[in-house]
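Student: Here you go, sequence then predicted model.
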Amino acid sequence: MTPEAEASRAAVGNSGAPVLRLAAWEGPLDLLLELARAQRVDLARISVTDLAGQFAAVLEEAIARRAVPLSRLAEWTVMAAWLLALRARLLLPAGTAENAEAEREAADLRRRLAKRAAARRLADWLERRPQLGREVFARGAPEQEAAAELAADVTALLRACLRLLEVPVHERVYRPRPPALWRVSEAMARIRVMLPELPADGARLEQLLPPTPAGEGAALWRRSAIASTLLAGLELSRDDMVELNQKVAFSTITIGQSPRKRAR
């Protein structure tokens, strides 16, 4: 290998790029691309078919083994694409506009790669510098002046805390006000009063309800009155004072005097 190639190998470093064995080249892909950009290798002697075939085989093997990260495979693909682009530009005839455009693009590419290499060298230099707080340490900062202690009467403070912690003897317990509903005892008393005036075949359950009061809870009061009147009728029927009838399920319930009550 020529001294120029050896210098380029040292500059590129061991990046783990795949090794290609072509007719005019045998070595890593990244070194071949670097020498081609520097015009230190004759790309015209390299077969495009062999280059593409060997790179595809290496790439498929790396994907099958799953031993190479995806980012590294992407870098290899970019290297191969640039190398094929440089090799394809040699097929353009000299002196044409396409050839001049290709040369300008190649020069621009070389400038960008040089800037990228300089940025990498600068990053490596910054990484090797001593880190503040790890290898080197700054001068100690002056201590802050201690704030003046506030003079306080501890006894007075404790007495004030005791006053706040005193629990009153009589605790007020919250008891919500129950809603005013029609109760079973009231319904039983009303049925006893209305029982002598009921017709022989009985009266509907709704006819025994008291007048519904006006207000926000009228609907709730009426539902409770219906339930309380039904329970009162069941209690009175157990004492054989009234008789409850319902011809069909979920139909109207009637309340009347029991047969024994009427016989008396």
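Tutor: Ah, there it is. On a predicted model such as this, the values are computed, not experimentally measured, just so you know. Residues are numbered from 1 along each chain as shown.

Student: Give me the below-cutoff pLDDT ranges for this structure.
Tutor: Applying pLDDT under 70 to the chain picks out residues 1-15, 91-96, 98-99, 141-152, 167-171, 260-264.

Student: Let's see that with 90 instead.
Tutor: 1-183, 187, 191-222, 224-225, 229, 232-233, 236-264 (pLDDT under 90).

Student: So what are the structural domains in it, by residue number?
Tutor: The chain is divided into the following domains under automatic domain parsing: 3-92+100-125, 184-263.

Student: I'd like those domains laid out as CSV, including distance to Leu157 and mean neighbour count.
Tutor: Heads up, the C-betas are built off the backbone N, CA and C, glycines and all. Compiled in CSV, those are given as follows (distance: least, C-beta to C-beta, whole Å; neighbours: other C-beta atoms under 10 Å):
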stretch, distance to Leu157, mean neighbour count
domain 3-92+100-125, 60, 14
domain 184-263, 52, 14
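
Student: of those, which approaches Glu166 most closely?
Tutor: Ranking those by proximity to Glu166 (C-beta to C-beta) places domain 184-263 first, at 41.2 Å.

Student: Measure how far the closest one is from the centre of its chain, please.
Tutor: Centroid displacement of domain 184-263 relative to its chain, using C-alpha atoms, centre = their mean, to the nearest Å, is 60 Å.

Student: related to what we said a few turns ago, could the domains of the chain be laid out in JSON lines, adding distance to Arg134?
Tutor: Converted to JSON lines, the domains of the chain look like this (distance: least, C-beta to C-beta, whole Å):
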{"stretch": "domain 3-92+100-125", "distance to Arg134": "17"}
{"stretch": "domain 184-263", "distance to Arg134": "74"}
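
Student: Nearest to Leu132 among those domains would be which one?
Tutor: Here domain 3-92+100-125 is closest among the domains of the chain (C-beta to C-beta), at 15.9 Å.

Student: So for Arg159, which of the domains of the chain sits nearest?
Tutor: Comparing these against Arg159 with C-beta to C-beta, the closest turns out to be domain 184-263 (50.8 Å).

Student: how about the helices of the stretch 51-200 of the chain, start to end?
Tutor: Using DSSP state H, counting those that start in this stretch, the helices of the stretch 51-200 of the chain run over 70-89, 97-128, 154-165, 184-194.
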